[in-house]
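# got a structure for you, letters missing:
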């Protein structure tokens, strides 16, 4: 029942995979924001609306990073999360319990998916 921690190179590989997944989702978020800007810019009436619109790449990028990180963390093997490299990511989540960290990441994933869903809905309906 007691799992042995993975080899050092294996933990480094998964750490890189987790980082790359979070970064890739952030890039997709920024690309989504740029598409939203392109769609919505013609219907912006005031400068304050345009200012909020141009902040969307940062918002979408951050939400994408959180989504990618939490999704990769949910899929991470328990042996990785018990390793020294995995413990650094556990500290980022803010708990020492693996099951607690997975719950936090699942909730964060649902909130972020909801955030993106509302933004997509707002873009499609023009209620942005």
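Arrived safely, thanks for sending. Here the structure is a predicted model, which means the values were calculated and not measured. Residues are numbered from 1 along each chain as shown.
# which residues touch residue 73?
When contacts are counted by CB atoms under 8 Å, 6 or more residues apart in numbering, residue 73 is found next to 18, 89, 93, 101, 102, 105. (C-beta placed from N, C-alpha, C; glycine too.)
# so the fourth one makes contact with residue 93?
Yep, that's residue 101 we're talking about. Yes - between residue 101 and residue 93 there is a contact under CB atoms under 8 Å: 4.4 Å.
# tell me which of those two has more neighbours.
Neighbour count, other CB atoms under 10 Å: between residue 101 and residue 93, residue 101 has more, with 23 against 20.
# if we can go back for a sec, the contacts of residue 73: which two are farthest apart?
Farthest pair in those (CB to CB) is 18 and 102. Separation: 13.7 Å.
# residue boundaries of the strands in the chain?
Listed from the start of the chain, the chain has no strands (DSSP state E) to report.
# kindly list the longest helix within it.
In the chain, assigned by DSSP state H, the helix with the most residues is helix 8-40.
# mean confidence for that one?
Averaged across helix 8-40, the pLDDT comes to 83.
# what about the chain, any weak spots by pLDDT?
When residues are selected by pLDDT under 70, those of the chain lie in 1-11, 41-52, 123, 126-128.
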